[in-house]
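# make a model of this:
(chains A and B, ligands or ions: 3)
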Amino acid sequence: MAEPTQPSPAHPTRITLTEEGPALVTGPVELALPDGTVVRSDRAVTAVCHCRRSRRYPICDASHRRKERA
Amino acid sequence: MTTALAGQVLPTARGPLSSAVLDALRGGRPAAVDTAAADPYGDDLQLALHCCYELHYRGFAGVDDALEWDPDLLALRRGLETRFLAALRGDVPPGADVDAEVEALLVEPVGPHVRGVSHHLHRAGTVEQLREYVVHRSIYHLKEADPQAWAIPRLTGAAKAGLVTVEHDEYGSGRPERMHSRLFAEMMTELGLSDRYGAHTDRVSGATLAEVNLMSLCGLHRRLRGASVGQFAMVELTSSPGSERLVRALRRLGCGPAAIHFYDEHVEADAVHEQVVRRQVLAPLLAAEPELAADVVFGIRASRFLGERMGEQVLSCWERGESSLRPA
Ligand code: FES
Ligand SMILES: [Fe+2]
Ligand SMILES: [Fe+2]
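Numbering: from 1, shown residues only, chains lettered A, B, ... in the order given. Ligands and ions are numbered 1, 2, ... in the order given. This next block holds a predicted model:
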């Protein structure tokens, strides 16, 4: 999933969509939200929330996990 | 002879095994010890092992650095490790289905009856209990990511690259002010606790030391590299929801920004680390070395076993209205 190089025609940016949760994006990214805010992430890999349940939306905080009442 | 003048001070012995190690660190000849009678998870054996391992990390003030490779001390360490590992092999059921193990860890138990230290702190913890928890955790977090770094030269290809991706983030991605160990130290200072390396060793129980000793044991033995990766996976897969509970606890208790930042950072970082560990470490490791599956499962289960043991000990102290720390 992680493309270590700068995006180029030979090595385009890869976004990995996971089955259960976030989309994984390599490298520093800016996420532009509908309300105009821009969220920046400097991590080597950023998990972008796809389930909309994150309390730190648009960054995944593992809220997509299946919960089981104990 | 290289002897650190500054650095962590030697802890106080808790029995014959830790006495033997501490005597050797002070320059004596290691006495012959009998590990058979010792509690494998108890104060004495775990402190003895902790002191042996610290020679490989930061050493001790006034102790000859060359003792790291002293054959007598290594022989003593071996006896302690054999006893500890045999106990774990006996207490942890074997398995080799890594996928099933990971799936199970990704289901989050919720509700008012879930037992665990972070659950308790979230629901009803006091500032004093939170400070105790941070003291316990300092044994690991002041050297956060170091025990797992031993695995790097023992892995190859994609699994190595994946592990380094996570480690790089733990070490602040090139920015020392963002290192997780540094963020932890800043939280300690904010909570009025000493952030000096080794300052709290005398205060924590064998159960707390055992969790970190497992990391060092698996890191320092190449043959246990699968278990080291399993232990690492266990931490990275379970940390995000636990950190979220701690963020809420800290907010409820009115703690400061450094404390909130440490756990907040772990909610977000470990949501990513979970993905990287599964896809870029476990998957390529098991593709390349499928025979390591049983060791990976052992690493996951052993770290869970010791984590629950430690948590149980802390909670039962608190339920009795006592401190979970040893007297200062
Ligand atoms: S995808 Fe993980 S919290 Fe939404
Ligand atoms: Fe971390
Ligand atoms: Fe992490």
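# alongside chain A, which residues does the stretch 1-150 of chain B contribute?
Listed as neighbours of chain A in the stretch 1-150 of chain B under the rule Cβ under 8 Å from any Cβ of the partner chain: B:106-111, B:113-114. C-beta: built from backbone N, CA, C; applies to glycine.
# tell me the buried residues within these.
Buried members of the residues of the stretch 1-150 of chain B next to chain A, scored by 16 or more other Cβ atoms under 10 Å in any protein chain shown, are B:106, B:108, B:114.
# hang on, isn't residue B:260 packed against residue B:250?
Yes: using Cβ atoms under 8 Å, residue B:260 makes contact with residue B:250 at a distance of 5.1 Å.
# so for those two, which residue has more residues nearby?
residue B:250 (25 against 18; other Cβ atoms under 10 Å in any protein chain shown).
# near ligand 1, which residues of chain A?
For chain A, the contact set with ligand 1 under Cβ under 6 Å from any ligand atom comprises A:21-22, A:49-51, A:53-54, A:60-64.
# export those residues to JSON lines and tack on distance to ligand 2 and pLDDT?
Formatted as JSON lines, the residues of chain A next to ligand 1 follow (distance: Cβ to the ion, whole Å; pLDDT from 0 to 100):
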{"residue": "A:21", "distance to ligand 2": "20", "pLDDT": "92"}
{"residue": "A:22", "distance to ligand 2": "18", "pLDDT": "97"}
{"residue": "A:49", "distance to ligand 2": "20", "pLDDT": "97"}
{"residue": "A:50", "distance to ligand 2": "24", "pLDDT": "95"}
{"residue": "A:51", "distance to ligand 2": "23", "pLDDT": "96"}
{"residue": "A:53", "distance to ligand 2": "23", "pLDDT": "96"}
{"residue": "A:54", "distance to ligand 2": "19", "pLDDT": "97"}
{"residue": "A:60", "distance to ligand 2": "16", "pLDDT": "97"}
{"residue": "A:61", "distance to ligand 2": "15", "pLDDT": "97"}
{"residue": "A:62", "distance to ligand 2": "14", "pLDDT": "97"}
{"residue": "A:63", "distance to ligand 2": "19", "pLDDT": "97"}
{"residue": "A:64", "distance to ligand 2": "21", "pLDDT": "97"}
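# among those residues, pick out the one closest to ligand 3, please.
The closest of those to ligand 3 turns out to be residue A:62 (Cβ to the ion; 11.9 Å).
# list the contacts for the residue lying closest to residue A:48 once chain neighbours are set aside?
Excluding the flanking residues, the one nearest residue A:48 by Cβ to Cβ, 6 or more residues apart in numbering or on different chains is residue A:23, at 4.6 Å. Neighbouring residues of residue A:23 by Cβ atoms under 8 Å, 6 or more residues apart in numbering or on different chains: A:15-17, A:47-48, A:50.
# buried ones in stretch B:125-132?
B:125, B:129-132.
# quick one on the thing from earlier: give me the subset of the contacts of residue A:23 lying in strands.
Residues of the contacts of residue A:23 located in strands (DSSP state E): A:15-17, A:47-48.
# select only the buried ones of these in PyMOL?
Here is the PyMOL selection string for the buried members of those, based on 16+ other Cβ under 10 Å:
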select buried, chain A and resi 47+48
